[in-house]
Every structure is written in C-alpha cells, then in structure tokens.
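Engineer: attaching a predicted model along with its sequence, questions to come.
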Amino acid sequence: MAKKIVYSPLFIERRNPAHLFGKPIEDPESLKITGLIYKNYHNKDWRHSNEENFNDLRKRGQQAIRFIEKLSPVKKNILVVTHGLFMRMILAQMMLGDELNSQIFFKIMNFCKTANTGIMICEYIADKKKSRYHKWRLTTWNEYTHLK
C-alpha cells in the first residue's frame, strides 16, 4: 500500500551563506567563512551573511519536533528524511529541550557523527506516566547496515 508523502521545509539542510553555494568545501574562501562561522557559533547575534545560525537551527528543530508530535496521535510510524546535522539538532532537542545551548550542541554535533543514510529511530511517549522525564526515547542511532 502506498503511503502519502508530506513535504515540510522544516527538514531541509542547514542554510549556509548563499554566496558559498556551488563552491567546494576546500575552497579557501569557503574555509575562511566556515571558520568564522564556527568561531562565532556561540554568539547568538553574530551572522556572517544569510546563513542559519545556532538560534535559527534550534528554533527550526523545535518546530520540527512539534510537527512530528502533531502527527504522532494519528500515525503510529512516521518516517522523516533529513540531513545529518539537522538530525543531530532534533536528537539534541528531544534529549535536552530548553537546556540545549550552543556549547552543548557543538559537542553533540561533533561527537555524534552519522553515516550517509544512517537511520535514527525515536519513540514518542505520549503517556507521561510511562516516562517522567522525557517525551522521547532514542532506540536506534546511526544504523547503516542496510548499506552493506
């Protein structure tokens, strides 16, 4: 049976500066700008140009989780396709909620690397009696045996 596909712009890749589109990661200008962005990652008001900063990404992560939670009472299993960095933002939001800050996310982002097409499975716990602390539980991280 075919499933209905719902597209949401919430699950797009992190927006990088537009003038870097199409340039290789190793390009000197790309490296310089990326270095500046990461150097200022913890400054919530800093922006090189039109890229998505930590606060933008965090807000989008919160919106994405609310989007999924609204579907959860109706649909038992929901498949979300997104990019690795944003997947880590969703995971960090599910785990830490309002406690998430740029310093913690930077550590998670660099520690929890993902394989291309890695699968993350999370369980939504709607019944607060079953889980006093979290609405979400990570059950599978970066599963990629389907690639072998």
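Structural biologist: Alright, I've got the coordinates. Note that the coordinates shown come from a computational prediction; the quantities given were computed from them, not determined experimentally. Residues are numbered from 1 along each chain as shown.

Engineer: residue nearest the middle of this protein, spatially speaking?
Structural biologist: Closest residue to the average C-alpha location of the chain: F86 at 2.1 Å, with C-alpha atoms, centre = their mean.

Engineer: quick one: it from R60, how far?
Structural biologist: Taking C-beta to C-beta, to the nearest Å as the measure, F86 falls 8 Å from R60. Yep, even glycine has a C-beta here, placed from its N, CA and C like the rest.

Engineer: what mean pLDDT does stretch 103-121 get?
Structural biologist: When pLDDT is averaged over stretch 103-121, the result is 93.

Engineer: and that stretch, end to end?
Structural biologist: With C-alpha to C-alpha, to the nearest Å as the measure, the first residue of stretch 103-121 is 25 Å from its last.

Engineer: which helix in the protein runs the most residues?
Structural biologist: Assignment by DSSP state H gives helix 54-71 as the longest helix of the chain.

Engineer: and the helix or strand just after that helix, how far out from the chain's middle?
Structural biologist: Toward the C-terminal end, the helix or strand that comes next after helix 54-71 (DSSP states H and E) is helix 84-96. Between the centre of helix 84-96 and the centre of its chain there are 4 Å (C-alpha atoms, centre = their mean, to the nearest Å).
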